[in-house]
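S.K.: what's the 3D shape of this:
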Amino acid sequence: MMDVRALNYSSDLVGDLLLLVAEDTLGQFEWPNAIIKTLIVEQGFSGKFGETAFCTYFEEGTEKPRKVIVGGLGKTSELCLEKVRKACGKALKEAEKRKVETLSMVPWTFDALPVADVARAVTEVALLSSYRFDRYLSEKKESSLKSFQICYDAPQEVDVIRGLKVGQTLGKATNVARNLVNEPANYMTPEQLAVEAVAAGEKFGFSVEVLERDAIEELGMVAFLEVGKASANLPRLIIMRHLGNPEQPEQILGLVGKGITFDSGGLSIKPAQGMGAMKSDMGGAASVIGAMSAIAQENLRLNVVAVVAACENLISGHGYRPGDIIGSMSGKTIQVDSTDAEGRLTLADAVYYMVTKEKADIVVDVATLTGAAIIALGNTTTGVITNDQGLYEKLQGASEQSGERVWQLPSFPEYREQNKTAAADLKNTGGREAGTITAGLFIEAFVEETPWLHLDIAGTAFTSKDQDYICEGGTGVGVRLLYHFAETLV
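M.R.: Modelled structure (predicted):
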């Protein structure tokens with residue numbers, strides 16, 4: 001993993017240089033050397049968002065040229081943290097292309113964003129862009145960029161160091177989640193997911209309790225167990241706790257992550273094309289494990305409990321069928337219209353456990369729940385359903401900090417009618433229309449009256465191509481979003 005550190009700008013600069021320049025401050029930018037400005041501007045660089053430029057120059061008394069990479073931020077009036085991340089990500093890719101080994105980012109001169117936030121954002125990018133999942137490659141391609149220095153002027157020191165610390169925490173925690181999603185399903189079974197959660201707890205400082213099938217049965221989590229019946233890999237209920245505010249034990253943020261370590265669709269089998277990506281159906285579980293890692297490491301003054309109902313949705317003579325009517329921990333009966341609508345069944349028991357056993361007063365569930373979310377919002381935005389508008393507004397603030405986009409979907413009473421059936425209390429699909437909404441509202445039926453947010457990350461948890469600072473595979477989406485949301489509750 002790349003080494004990221006802070007460096008006083010008055011010290012001798014180390015290695016090659018990275019500059020982030022806004023379009024409307026190009027003329028006033030304090031270039032480290034006038035030669036750099038001449039070389040960059042002559043290339044036609046204007047500072048527009050997404051632009052990059054490259055040059056080399058010789059400093060007096062040196063034999064080796066210094067490489068300089070410049071990234072454009074666009075207009076300062078339109079600047080946000082995510083634009084900083086993307087500009088920095090593009091610049092780091094250019095550095096990789098140029099075989100840069102050590103890169104120093106010179107101090108920024110714009111005042112549109114807090115110094116600590118910018119330091120956090122670029123630290124995240126350094127760690128996220130250098131991520132590689134190469135465990136199964138016999139020949140590993142190492143990143144050329146080994147060290148990244150964030151330079152600061154003396155008055156910025158405290159803010160930069162604070163931002164760098166949190167950025168390191170969030171970057172590493174996001175990569176924890178990425179690793180979990182990227183592992184193949186023959187390795188990342190429910191049992192192994194529990195092992196990984198325990199290891200994360202030991203490393204980052206939160207407690208973990210793992211319940212096996214007999215204990216899950218004693219809790220009455222019938223819906224959860226029905227989903228996992230067809231698999232030889234037995235289910236696990238993973239419970240993680242960070243008790244950062246013991247003086248107020250009644251205030252608990254509950255995080256619930258969907259933990260289907262492989263989803264064949266069951267008897268309602270998925271098409272063969274794309275089924276291999278269903279190892280990522282535990283992306284919600286990865287998100288909450290990563291978020292707990294960050295929350296615990298930063299020791300947020302907040303009580304947080306996270307729950308993952310981990311199992312596989314496979315096919316066998318022991319499995320549940322379309323048309324079955326099953327129970328749930330809440331006592332509500334459910335008609336199974338599709339065995340491929342399995343995640344909401346496990347979440348129904350998990351969120352009910354959260355509100356009745358852990359007594360959470362706020363619940364957030366995170367799930368790769370519906371393909372309909374991808375149709376509606378694509379791969380850039382997480383769909384959200386809530387029963388508490390104030391909570392959503394806090395989530396929006398967390399989205400601005402993390403750069404992970406969210407969009408609220410409606411939850412009108414008519415949508416709840418789609419989940420009703422004459423044969424049982426609920427059915428597990430509401431039909432093709434408004435599928436993301438009806439899936440979320442199915443989960444809502446089990447949170448009682450608890451303030452609740454549902455995050456459908458089906459489109460954002462996995463990517464098939466490299467992006468600015470996101471690598472192909474698991475994105476780790478939700479880790480930074482949940483961390484910043486938790487911060488709003490402190």
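
S.K.: contacts and neighbour counts: CA atoms only from here.
M.R.: Will do.

S.K.: Is Thr174 in contact with Arg480, as I believe?
M.R.: Yes - under the criterion of C-alpha atoms under 8 Å, Thr174 makes contact with Arg480 at 7.1 Å.

S.K.: which neighbours do those two share?
M.R.: Taking C-alpha atoms under 8 Å, 6 or more residues apart in numbering as the criterion, Thr174 and Arg480 both touch Ala291.

S.K.: From Lys279, how far off is Asn186?
M.R.: With distances taken as C-alpha to C-alpha, to the nearest Å, Asn186 is found 9 Å from Lys279.

S.K.: again with Met240
M.R.: 22 Å.

S.K.: ok, now Ala6?
M.R.: According to C-alpha to C-alpha, Ala6 stands 38 Å off from Lys279.

S.K.: Was I right to think Ser316 contacts Ser231?
M.R.: Yes - with contact defined as C-alpha under 8 Å, Ser316 counts as touching Ser231 (7.4 Å).

S.K.: So those two - more neighbours on which side?
M.R.: Applying other C-alpha atoms under 10 Å to Ser316 and Ser231 shows that Ser231 carries more neighbours, namely 16 against 13.

S.K.: For stretch 381-401, buried residues please.
M.R.: For stretch 381-401, the neighbour count (16 or more other C-alpha atoms under 10 Å) marks 381-387, 391-392, 394-396, 398-401 as buried.

S.K.: which other residues reach stretch 409-429?
M.R.: Residues outside stretch 409-429 that contact it (C-alpha under 8 Å, 6+ apart) are 325, 332-338, 341, 344-345, 383-386, 430-431, 434-435, 437-439, 441-442.

S.K.: Report the mean per-residue pLDDT for the host helix or strand of Ala116.
M.R.: In this structure, Ala116 sits in helix 115-129 according to DSSP states H and E. Helix 115-129 shows a mean pLDDT of 97.

S.K.: That helix packs against which elements?
M.R.: In this structure, helix 115-129 makes packing contacts with strand 3-8, helix 81-97, helix 157-182, judged by 3 or more C-alpha pairs under 8 Å, 6 or more residues apart in numbering; DSSP states H and E.

S.K.: want to try JSON lines for these, with mean neighbour count and distance to Leu128 as columns?
M.R.: Shown next, in JSON lines, are the helices and strands packed on helix 115-129 (neighbours: other C-alpha atoms under 10 Å; distance: least, C-alpha to C-alpha, whole Å):
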{"stretch": "strand 3-8", "mean neighbour count": "19", "distance to Leu128": "12"}
{"stretch": "helix 81-97", "mean neighbour count": "22", "distance to Leu128": "9"}
{"stretch": "helix 157-182", "mean neighbour count": "23", "distance to Leu128": "6"}
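
S.K.: okay, those in TSV with mean pLDDT and distance to Ala373 next?
M.R.: Shown next, in TSV, are the helices and strands packed on helix 115-129 (pLDDT from 0 to 100; distance: least, C-alpha to C-alpha, whole Å):
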stretch	mean pLDDT	distance to Ala373
strand 3-8	95	36
helix 81-97	96	22
helix 157-182	98	19
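
S.K.: Give me the angle between the next helix or strand after the helix holding Ala116 and helix 115-129.
M.R.: As assigned by DSSP H and E, the chain's next helix or strand after helix 115-129 is strand 147-152. Using axes from the mean of the first three to the mean of the last three C-alpha atoms, to 10 degrees, the inter-axis angle of strand 147-152 relative to helix 115-129 is 170 degrees.

S.K.: Could you export strand 147-152 as PDB, CA atoms only?
M.R.: Output of strand 147-152 as PDB, limited to C-alpha atoms (Å, rounded to 0.1, in the frame of the first residue of the first chain):
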ATOM      1  CA  SER A 147       5.200   7.500  -1.800                       C
ATOM      2  CA  PHE A 148       2.800  10.500  -1.800                       C
ATOM      3  CA  GLN A 149       3.500  13.600   0.300                       C
ATOM      4  CA  ILE A 150       0.900  16.300   1.000                       C
ATOM      5  CA  CYS A 151       2.800  19.500   1.400                       C
ATOM      6  CA  TYR A 152       1.500  22.300   3.600                       C
END
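
S.K.: Give the buried residues for stretch 368-379.
M.R.: Within stretch 368-379, the residues that qualify as buried are 368-370, 372-374, 377, 379, counting by 16+ other C-alpha under 10 Å.

S.K.: could you dump these to CSV with secondary structure, distance to Ile69 and pLDDT?
M.R.: Output for the buried residues of stretch 368-379, formatted as CSV (DSSP: H, G, I helix; E, B strand; the rest coil; distance: C-alpha to C-alpha, whole Å; pLDDT from 0 to 100):
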residue, secondary structure, distance to Ile69, pLDDT
Thr368, coil, 38, 98
Leu369, coil, 41, 98
Thr370, coil, 41, 98
Ala372, helix, 41, 97
Ala373, helix, 38, 98
Ile374, helix, 36, 97
Leu377, helix, 34, 98
Asn379, coil, 29, 96
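
S.K.: if we can go back for a sec, farthest pair in the buried residues of stretch 381-401?
M.R.: For the buried residues of stretch 381-401, the maximum inter-member distance is 22.9 Å, found between Asn387 and Gln401 (C-alpha to C-alpha).

S.K.: so how far is the helix-or-strand element of the chain with minimal mean pLDDT off the chain centroid?
M.R.: The least trusted helix or strand in the chain, going by mean pLDDT, DSSP states H and E, turns out to be helix 34-41, with a mean of 92. Distance, stretch centre to chain centre, for helix 34-41: 39 Å (C-alpha atoms, centre = their mean, to the nearest Å).

S.K.: just stretch 475-484 next, same as before
M.R.: The gap between where stretch 475-484 is centred and where its chain is centred comes out at 3 Å by C-alpha atoms, centre = their mean.

S.K.: Stretch 79-98 now?
M.R.: 19 Å.

S.K.: now stretch 105-122
M.R.: Here stretch 105-122 shows a centroid-to-chain-centroid distance of 22 Å under the convention C-alpha atoms, centre = their mean.

S.K.: and for that stretch, what are the contacting residues?
M.R.: 9, 17-22, 29-30, 76-77, 79-82, 84-85, 88, 148-153, 156, 159-168.

S.K.: Where does the record place the domain boundaries for this protein?
M.R.: 3-153, 173-488 (automatic domain parsing).

S.K.: doesn't Val304 make contact with Arg245?
M.R.: Slight slip there: residue 245 is Asn, not Arg. No - with contact defined as C-alpha under 8 Å, Asn245 does not count as touching Val304 (9.2 Å).

S.K.: list the contacts for Gly474?
M.R.: For Gly474, the contacting residues are 177-179, 181-182, 280, 283, 461-463, by C-alpha under 8 Å, 6+ apart.

S.K.: hang on, the earlier thing: give the buried residues for the least confident helix or strand of the chain.
M.R.: Neighbour-count burial for helix 34-41 flags 36-37, 39-40 (criterion: 16+ other C-alpha under 10 Å).

S.K.: Can you add distance to Ala116 and give those back as a markdown table?
M.R.: Below are these laid out as a markdown table (distance: C-alpha to C-alpha, whole Å):
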| residue | distance to Ala116 |
| --- | --- |
| Ile36 | 27 |
| Lys37 | 27 |
| Leu39 | 31 |
| Ile40 | 28 |
